[in-house]
Every structure is written in C-alpha cells, then in structure tokens.
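In: kindly generate the corresponding structure for this input.
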Amino acid sequence: MTSKKLQMENFASSMRGCSVRQLRDALLVLDRKFGLFETMMSGHALVQNDAQTSFVRYAESLADEMQAQGRFKTAQAYRSAVKSLTTCFGREEIALDRIDAASMGNYQTWLLRRGVTFNTVSYYMRILRAIYRRAVRAGLTRSDDPFREVYTGTGRTRKRAVDAELLSVLRMTEFPDSRLRLARDLFLFSFYTRGMSFVDMAYLRKEDAAGGAIVYFRRKTGRQLTIRIEPCIKEIIDRYAPVAGTTPYLLPILSATEPAAAFRQYRSALVCFNRRLKEISRLLRLECGLTSYTARHTWATTAYRRHVPTQVISEGLGHGSERTTRIYLAAFEQSEVDEANRRILEIL
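Out: Numbering: from 1, shown residues only. Take a look at the predicted model:
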C-alpha cells in the first residue's frame, strides 16, 4: 500500500463518529492535503449541474414524477409543452438560463405564425411557467418572470353549445353503425349528467352508481359531485351493462385497470369519440360540429336560457368559481345581444 493511500485511509478512519460539521471540515483538509477531492468530484459535479440546469431534463423528471403518482394527464401536458418548445428552438436541450422574457416572446411569435390560437398559446405558457416556478423553488435558477410579456390568460372561445332541440333529433336518429350509436349515447349521457367530461365518464366505476345516484370525484379538480340517476341516465347505463361486462367500469370505454394502460385506453377512446362525433355532425349536416366539449357547454347554456342562476350552473358543472362558468356562457350572452340588436334594427 502506498504511503499516500495509507495516510488517506488512516485519515478517514479517524473521522468515524464525527459530526457533520467536523466531516465537512475534514473533507476540506483532505482536499488541501492530497489534492484529490476536487478531481474525484469534478466529473460528478459537471454531470449533476448539467442535469440540473437543463430545462428539458428537469421538465422530464417532473413528468416522470407525475406519472409515478398516477397523474398521467399532467405528465402528458408537461411533455407536450416541452416538445413544442424544443421544436421551436430546434434543439433537444435548453438551459434554464435561456428561459427569459425574450426567448418566451420569440416562442409565442413562433406559435402564432403557425396558426395557434391565443388560448393554446396560454395553455403552453402556463405549463412552462409552472415548470419554471418549480425550478426556482428548487433553487435551480434565479427568481425571474420570463412569462411576464406573453399571453397566459383565458379568452373567449368559439361557440361550442348547440340548441337543445338538436338533442331531441340526435336521440331519435337511428344510426346503422353501432360505434356511432355508442358515441351518440355517450354524448347524451354527458348532457344528462350535467355535462360530465369524457375522462370522468371513462373512469366511472359500477360502484359509483348506487342508491339512485352517481357519486364521483372530478379528475380535473378532485371535487366530489353527486348526480341523481334520472330515467334517461338509467336507460343508457342498462343498455350498455352487458357490453361493460365484467370490467369494473360503468360504461364500455375502458377495460384495463392498470393505471398507465387505462390512461392509454382513455386517450385512444377520446380520439375515437371525437372522430365519431364529427361523422355524426356530417350525417346530420350540423353547422356547429359536435365535440367531447359540446354536451357540457350545451347543458350550461340550456340551463342559462331557463334562467337557472349562474351559481347553480357553476355548482352543477363542478366549477371552482363562477368566473369559469361565465367563460362558458360568454358566447351565448354575445349571441343573445346580437339577436336583440337584429330585432331592434328590424324596426327601421
């Protein structure tokens, strides 16, 4: 054994049982005495700092963490936003210190030139801002606001609701394709259950419908909602009970119980659902095409037309605040104003 190695082992042996402060001081002595500590740690530090200062790697680590917690939708959103950002910059790695007001402004311009709506811009920016703020809290970058000059609000969306009369036509139409019939029935089920979102319908379990009510937690907010099972709801549940079979789910959308597999099925089912609603819209020659959101918006506007208070509509939808509900109703309110103006102009 060499003299230097023996000295190092004796030095380390003498440090057993020392406090953290004593160990820290001892490491400094070791570094000065042998000049090896800095060399030993330099490679590790470079790798660690590179991983910590990479916005992309940090975002991926958060997405992995979300996925491990079963928060698949959030993980997917993180990855989607980061993929868009890396596509814009044309590189796979983006350092945290490159996330500044100028780069985010350029990213917003790039998105808008690609025809992306302001609401989609806001969607990406709010996700990236959430990742950035977590990096700040973790001490990986300075506390700054690189998103101060980009759009992160929520604007009015195009009208997504349809007239309630259309729902009667939809209910009475006989579709020869069983897949279109299922899409139609799921759309109606959403309307009947106060605009239940597709993800919540997909994950409904048989035990959630008991005692004459459906009791479930919204996956988006975690809020518990209770819906009385009206005859029209029961009709759809009974119709598809044989199809749902031995699965734990109430409706024939998912079959997998393993979380990651179930989420993949949900994503695929949502795409198919919207594709079939588009086909139904074409067959019925609808000007306003049906989507997975339409039933929810239609329930809200139908309730509003019948003078149901906004607070009650907000509770029915499971919104956390009336502000979100007013966004739903904004397009309807505008159409009401336009109709009033038309009637006034008819006097002339």
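In: quick one: the helices in the stretch 101-250 of the chain?
Out: Secondary structure of the stretch 101-250 of the chain by DSSP state H, counting those that start in this stretch: the helices cover 101-113, 118-137, 164-172, 178-192, 198-203, 231-244.
In: rank the ones you listed by mean pLDDT and give me the bottom one.
Out: Here the helices of the stretch 101-250 of the chain differ in mean pLDDT, and the lowest is helix 164-172 at a mean of 88.
In: that older thread, can you lay out the helices of the stretch 101-250 of the chain as TSV showing mean neighbour count and distance to residue 260?
Out: To be clear about C-beta, it is placed using only N, CA and C from the backbone, and glycine gets the same treatment. Formatted as TSV, these follow (neighbours: other CB atoms under 10 Å; distance: least, CB to CB, whole Å):
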stretch	mean neighbour count	distance to residue 260
helix 101-113	16	30
helix 118-137	17	21
helix 164-172	13	34
helix 178-192	19	23
helix 198-203	21	14
helix 231-244	14	21
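In: low-confidence ranges in the stretch 201-348 of the chain?
Out: Counting by pLDDT under 70, the stretch 201-348 of the chain contains low-confidence ranges at 328, 330-341, 343-344, 347-348.
In: so which of the helices of the stretch 101-250 of the chain gets nearest residue 301?
Out: Closest to residue 301 of the helices of the stretch 101-250 of the chain is helix 164-172 (CB to CB; 8.6 Å).
In: which helices and strands does the closest one pack with?
Out: Under the contact criterion of 3 or more CB pairs under 8 Å, 6 or more residues apart in numbering; DSSP states H and E, helix 164-172 touches helix 178-192, helix 294-305.
In: mind redoing it with 7 Å?
Out: helix 178-192 (3 or more CB pairs under 7 Å, 6 or more residues apart in numbering; DSSP states H and E).
In: what angle do the helix it packs on and helix 294-305 make?
Out: 30 degrees (axes from the mean of the first three to the mean of the last three CA atoms, to 10 degrees).
In: all further residue positions should be reported with the first residue as 124.
Out: I'll keep to 124 as the first residue from here, and by that count the last item is helix 301-315.
In: centre of the chain to helix 301-315, how far?
Out: Chain-centre distance of helix 301-315: 23 Å, with CA atoms, centre = their mean, to the nearest Å.
In: list of residues touching it?
Out: 290, 293-294, 298, 319, 324, 353, 355-356, 359, 362, 374, 396, 399-400, 402-403, 413, 418-419, 421-422 (CB atoms under 7 Å, 6 or more residues apart in numbering).
In: could you dump the helices of the stretch 224-373 of the chain to a markdown table with distance to residue 268?
Out: As requested, the helices of the stretch 224-373 of the chain are arranged in a markdown table below (distance: least, CB to CB, whole Å):
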| stretch | distance to residue 268 |
| --- | --- |
| helix 224-236 | 8 |
| helix 241-260 | 9 |
| helix 287-295 | 45 |
| helix 301-315 | 39 |
| helix 321-326 | 32 |
| helix 354-367 | 47 |
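In: I am finished for the moment; much appreciated.
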